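>>> Provided below are the primary sequence and the corresponding predicted coordinates.
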Amino acid sequence: MGRGKLRIYLGAAPGVGKTYAMLSEAHRRMERGTDCVVAFVEHHNRPRTEVMLHGLEQVPRKQLEYRGSVFSEMDVDAVLLRAPAVALVDELAHTNVPGSRNAKRWQDVEELLAAGIDVVSTVNIQHLESLGDVVESITGVRQRETVPDEVVRRADQIELVDMSPQALRRRMAHGNIYKSDKVDAALSNYFRPGNLTALRELALLWVADRVDEYLTEYRSEHRVSKIWGSRERIVVGLTGGPEGRTLIRRAARLAEKGAGGEVMAVYIARSDGLTSASPKELAVQRTLAEDLGGTFHHVVGDDIPVALLDFARGVNATQIVLGSSRRKTWQYVFGPGVGATVARESGPDLDVHIVTHDEVAKGRGLPVARGARLGRSRIIWGWLIGVGGPVVLALLLNTIHLGLANDMLLFLTVTVAAALLGGLFPALASAAFGSLLLNYYYTPPLHRLTIADPKNIVAIAIFVGVAVSVASVVDLAARRTHQAARLRAESEILSFLAGSVLRGETSLEALLERVRETFGMESVALLERAGDVDPWTCAGSVGPQAPTRPEDADVDMPVGDHMALALSGRVLPASDRRVLAAFAAQAAVVLDRQRLQHEADQAKELAEGNRIRTALLAAVSHDLRTPLAAIKAAVSSLRSDDVAWSEEDQAELLEAIEEGADRLDHLVGNLLDMSRLQTGTVTPLIREIDLDEVVPMALGGVPEGSTELDIPETLPMVAVDPGLLERAVANLVENAAKYSPADEPVLVSASAMADRVEVRVVDRGPGVPDEAKDRIFAPFQRYGDAPRGAGVGLGLAVARGFAEAMGGTLNAEDTPGGGLTMVLTVRAVDNRRALATATAERQAS
């Protein structure tokens, strides 16, 4: 009996309908006559799911006792004994009770599959082992029950059960997933719209990747070389020339016209590495491709059309975008060019677009790596061997006669030695001089430059030909070896530059110091100027007496129109300028990055100042009014001669005045701190504190009994400014109390989510539409038909300003069942660090 087949229903979150879909599939199979049983399905008291179990045979579960409680698990032995054609096994990632046959349910499923039983199962995306960290960062909850990705990947069928976050939350609010007492907590935590959207995206992307794998595997197994246009994949062939930017943009526009279009820019380099495009230009084109949502690929191949087509067919591309040839007219005598060859060989399943550009017919102009110089001393020795070697050898052979054949081999050895030391030209000189000496001294008639025997003429000619050929090959091998060593050094340097970009290193001085060490210079400076006639200024330098103008430097490398990298110490050979150009381009990028970061910091400070200024003005006009009005009313009443106040009434009025004054004093102190913060003379007093020390104080501005407080004692401490947090929560509670019905108290609760703590102020009022949720935080905004006495609409603006000043956030969400929930998020403090701080404070006291 063969191995059974596994079908998995994959969902983004609980409640999307995986079990329902599995049971529906079971009913369809039973109608077709398939022997199908329920090995283990948990309906979680969901009526619709429980109804779907009717009519299906259920294998009795195995009861296990653990720590005084009885648990039911799938009875693997009973299922194997029953031997159905198909078994339904819910919750693939479930952890079995200790004492079970296997530790994990997916291991039970493996036994059923090995026995030839087909299995239909379910799993949520958050239970995949590889996504554990990602899911925790999204939801703040670490999944304890996981299943190895390979188990799910091996499934014969994977079907995604999809549902929008809004529909899932409605299903939750209607009580179709959890019991009513758990709905509010679930919607406020795990089932928030952001969490569900992120989990849904994970599920969709994971399934899409699996579909792509299945397609690739199928094409490989069936040897399908023909391109299948399942999605538009556009390959852009780059030469490293400036026209590449035009081609990438054109390809991006083509991709936008089709659903799911993908752009893949590819540069094909020769395998010998002797020709290369400008590293700076390729870096610009790589950045452009990635900014437009595409990818960049570097491929090695000697035959560019063949390599390009192989790459396109390998990625199942549907279109190729190439630029019109930069060849001049006379150069077409050497061949039709890359574009014409690719178009001819592409076939009917691959469209080729030839795009015109400004560089057409202007010549290639690409830098070519010339042959490496062998060094002065080697060339001198090569000429000495090439010219002097044949003379010395002739003197030796005049005393020892070895025959013409041996003489030729010895002269050929000298030629090879000259090629190894000095390169091609000393070897050619050695071959020419050696042939003359062979003719004069060792070829009859001797001591004459004539040759009597025609066979000797052929021998001399062969000697010259062999000598020149061997010299050329040896010279080429020597130069290639030298070039390979040099290119290896260059690649290490460029790899360092690429690594610095990926690591986000932004130290200009460190980069300039690297330039100085790499090229052995005394000093290096990055110079810039505003215009062609403006003086040069130094943006950064290392080393003593750095040049202040490019004219004063031994080497200068322009970077754009108004920037240059200047080096002093020695003159660099032309072969080093390519790597220097890469350093110069990176230096310009680092400088731009530093300035952009500085501007971003300044903009952030300015925005922070504006936000605090707005919050300050809003607080003055909004929060001072209430206590001032209460104080004024109480004082006016006491001073009135129309009413004779009793001692109890006077005490009550004085108490009201005192409470209003205390509130004013407390508020003015916070406002003074905010004003100093606005001017940059003070920062918010962030300290570690428990929420239950601050939040209760914020409830004094609302009637007693109108709020319900739920602050767990197990919450971690938070890093906030207590005064700012109190004012923010007070504004939120006062705002919620205005709109919540009298018989529905405002709920103020808190919960921990990963590295943050959320304070939720929940009302049961009319709520706010989604399009107005951001607008209610703007100053002077009063939602709906709020009367003038309800305030001037600054409470929420003040609360958000205070929250963001402390590094937190404030957002609005719908309350399940109706109403509005304000979510104030602040940074939590590591409990271990807080405990260490408290211990240190106790020891100090």
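Right, received. Where do you want to start? Numbering: from 1, shown residues only.

>>> show me where the stretch 551-700 of the chain has strands.
With strands called from DSSP state E, counting those that start in this stretch, the stretch 551-700 of the chain shows them at 555-558, 563-568, 687-689.

>>> okay, the ones you listed, which one's buried deepest?
Per residue and on average, the most neighbours among the strands of the stretch 551-700 of the chain fall to strand 563-568, with a mean of 24 (mean count of other Cβ atoms under 10 Å). Backbone N, C-alpha and C define where each C-beta goes, glycine included.

>>> From the chain's centroid, how far away is that one?
Put simply, strand 563-568 sits 34 Å off its chain's centre (Cα atoms, centre = their mean, to the nearest Å).

>>> what does stretch 584-602 give?
On Cα atoms, centre = their mean, the centre of stretch 584-602 falls 20 Å from that of its chain.

>>> Now that stretch: average pLDDT?
Averaging pLDDT along stretch 584-602 gives 84.

>>> Just the buried positions in it, please.
A584, A585, Q586, A587, A588, V589, V590, L591 (16 or more other Cβ atoms under 10 Å).

>>> Any regions of the stretch 201-350 of the chain where pLDDT drops low?
By pLDDT under 70, the low-scoring segments of the stretch 201-350 of the chain are 212-213, 215-231, 258-260, 270-278, 327-335.

>>> mind checking which helix or strand of this structure has the lowest mean pLDDT?
Counting by mean pLDDT, DSSP states H and E, the chain has its least confident helix or strand at helix 831-844, which shows a mean of 51.

>>> Now do the SS call for A265.
strand (DSSP: H, G, I helix; E, B strand; the rest coil).

>>> Run through the bridge partners of it.
Counting by DSSP bridges, A265 forms beta bridges with V236, F296.

>>> Am I right that A812 is in a strand?
Yes. Counting by three-state DSSP, A812 is part of a strand.

>>> Could you measure from the closest residue to it other than its chain neighbours over to N195?
In space, and not counting its chain neighbours, A812 is closest to K773: 4.4 Å by Cβ to Cβ, 6 or more residues apart in numbering. To N195, K773 is 17 Å away according to Cβ to Cβ, to the nearest Å.

>>> Those two: which is more packed in?
N195 (21 against 16; other Cβ atoms under 10 Å).

>>> what helix or strand does that one sit in?
Per DSSP states H and E: N195 is located in helix 193-221.

>>> V757 now?
In the assignment (DSSP H and E), V757 maps to strand 756-762.

>>> Who are the packing partners of that strand?
helix 722-739, strand 746-753, strand 820-827 (3 or more Cβ pairs under 8 Å, 6 or more residues apart in numbering; DSSP states H and E).

>>> In the stretch 501-650 of the chain, where is pLDDT below threshold?
For the stretch 501-650 of the chain (pLDDT under 70), the answer is 501-506, 573-575, 608-609, 611-623.

>>> Can you name the residues in contact with stretch 522-531?
508, 512-513, 515-516, 535-550, 553, 562-569, 587-588, 591 (Cβ atoms under 8 Å, 6 or more residues apart in numbering).

>>> Give me the residues contacting the strand holding V757.
Residues contacting strand 756-762 (Cβ under 8 Å, 6+ apart): 140, 184, 188, 691, 695, 715-716, 718, 729, 732-733, 736, 746-752, 815, 819-828.

>>> run the last query once more with 6 Å
718, 732-733, 736, 747-751, 815, 821-828 (Cβ atoms under 6 Å, 6 or more residues apart in numbering).

>>> repeat for stretch 411-422
By Cβ under 6 Å, 6+ apart, stretch 411-422 touches 378-379, 381-383, 385-386, 389-390, 393, 426-427, 430-431, 434, 467, 470-471, 474-475.

>>> Can you report how many residues lie near W106?
By the criterion of other Cβ under 10 Å, W106 has 23 neighbours.

>>> Helix or strand next in line after the helix or strand harbouring it, which one?
In the assignment (DSSP H and E), W106 maps to helix 105-114. Downstream of helix 105-114, the first helix or strand assigned by DSSP H and E is strand 118-124.

>>> Good, we can wrap up now.
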